[in-house]
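Peer 1: just the structure for this:
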Amino acid sequence: MSKRKSTKSKSSLNADNFRVELKPNQKVVSNFLKTNEISILKGAPGTGKSFIQLHRAVEGLLAGEFDEIIHIRSAVEIGVGIGFLPGEAEEKLEPYQEAFFDNLKDMVSGPVLTKVKKAVRFEHVGFLRGKTLKRSAVILEEAQNLTLKELISVVTRVSDTSKLFINGDALQSDIRNSGFLPFVDIVENIEGIGVMVLGDDYQMRNRMIVLINNKYVDFLNKNK
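Peer 2: Model (predicted):
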């Protein structure tokens, strides 16, 4: 397995590049992401899955650990679709990039923001076959909207000079044949792969989400 550059000498310099500081429990998650080749975060909406993974990816990029940040997701809409999206593949992905850049703008600014944006590449699951993702922080968003076959396809694209960050919430799946939970069951005991659940104490967006989500889970359990 290829060796990565040590980032210990540079990590202290990178702290000043961020506009926000991770909370203590978020720092635990960030350290968890550093210890695995593939890290899977499970959690309800608003628990900071995407934010913490992006923070770790930016930190690694600025420290020279990665050459680029690759963002992958399936272009699945919530509920009723809005119809055919015109344009080339890159243009079709634009509506799904807004949340990513919102997080990035909250995280860094000025020259650092410009540098990071130049190192970001967006990919669609359907166009990954045959590619090898090298020296990259690979973020796979909304994994609950991918089939098991698609998830395995993504994992097998990542080289040993990269790290893969996966996040998902099984309760938010917009497809009938989600492979997220079966995928986690298959890989969670493999050395180098870590799975972490972000509970209610990680809620960043609105504490009401905790109450709503808990009631939603109760409703689903009663109506199985």
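Peer 1: any idea how far Lys222 is from Ile186?
Peer 2: Using Cβ to Cβ, to the nearest Å, Ile186 is found at 29 Å from Lys222. In this view, the C-beta of every residue, glycine as well, is placed from N, C-alpha and C.
Peer 1: between the two, tell me which one has more neighbours.
Peer 2: Remark: of Ile186 and Lys222, Ile186 carries more neighbours, 14 against 7, as counted by other Cβ atoms under 10 Å.
Peer 1: the helix or strand hosting that one: which residues count as buried?
Peer 2: Assigned by DSSP states H and E, Ile186 falls within helix 180-187. For helix 180-187, the buried set under the neighbour-count rule, 16 or more other Cβ atoms under 10 Å, comprises 180, 183-184, 187.
Peer 1: can you check stretch 107-116 too?
Peer 2: By 16+ other Cβ under 10 Å, the buried positions in stretch 107-116 come out as 107-108, 112-113, 116.
Peer 1: what average pLDDT does it get?
Peer 2: For stretch 107-116, mean pLDDT is 94.
Peer 1: show me what that stretch is in contact with.
Peer 2: 17-20, 51, 54-55, 58, 61-62, 69, 104-105 (Cβ atoms under 8 Å, 6 or more residues apart in numbering).
Peer 1: so Gln26 makes contact with Lys49?
Peer 2: No - Gln26 lies out of contact with Lys49 (Cβ atoms under 8 Å); the separation is 10.6 Å.
Peer 1: more neighbours, these two?
Peer 2: Lys49 (28 against 20).
Peer 1: which residues are in contact with the more buried one?
Peer 2: 41-43, 167-169, 198.
Peer 1: once you drop chain neighbours, what's closest to it?
Peer 2: Asn167 (3.8 Å; Cβ to Cβ, 6 or more residues apart in numbering).
Peer 1: same thing with Ser30?
Peer 2: Arg56 is the one closest to Ser30 (Cβ to Cβ, 6+ apart), at 5.1 Å.
Peer 1: now the one you found: how far from Ile193?
Peer 2: In terms of Cβ to Cβ, Arg56 sits 16 Å off from Ile193.
Peer 1: repeat that for Thr161.
Peer 2: From Thr161 to Ile193 the distance is 17 Å (Cβ to Cβ).
Peer 1: and Thr147, by the same measure?
Peer 2: 19 Å.
Peer 1: thinking again about what came up before, in strands, which of the contacts of stretch 107-116 fall?
Peer 2: Among these, the ones falling in strands (DSSP state E) are Ile69.
Peer 1: save the contacts of stretch 107-116 as a markdown table, and put in neighbour count and distance to Arg205 too.
Peer 2: A markdown table is the format used below for the contacts of stretch 107-116 (neighbours: other Cβ atoms under 10 Å; distance: Cβ to Cβ, whole Å):
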| residue | neighbour count | distance to Arg205 |
| --- | --- | --- |
| Asn17 | 19 | 24 |
| Phe18 | 17 | 19 |
| Arg19 | 12 | 18 |
| Val20 | 11 | 14 |
| Phe51 | 23 | 10 |
| Leu54 | 25 | 15 |
| His55 | 25 | 16 |
| Val58 | 26 | 20 |
| Leu61 | 21 | 25 |
| Leu62 | 22 | 26 |
| Ile69 | 24 | 23 |
| Leu104 | 22 | 17 |
| Lys105 | 12 | 16 |
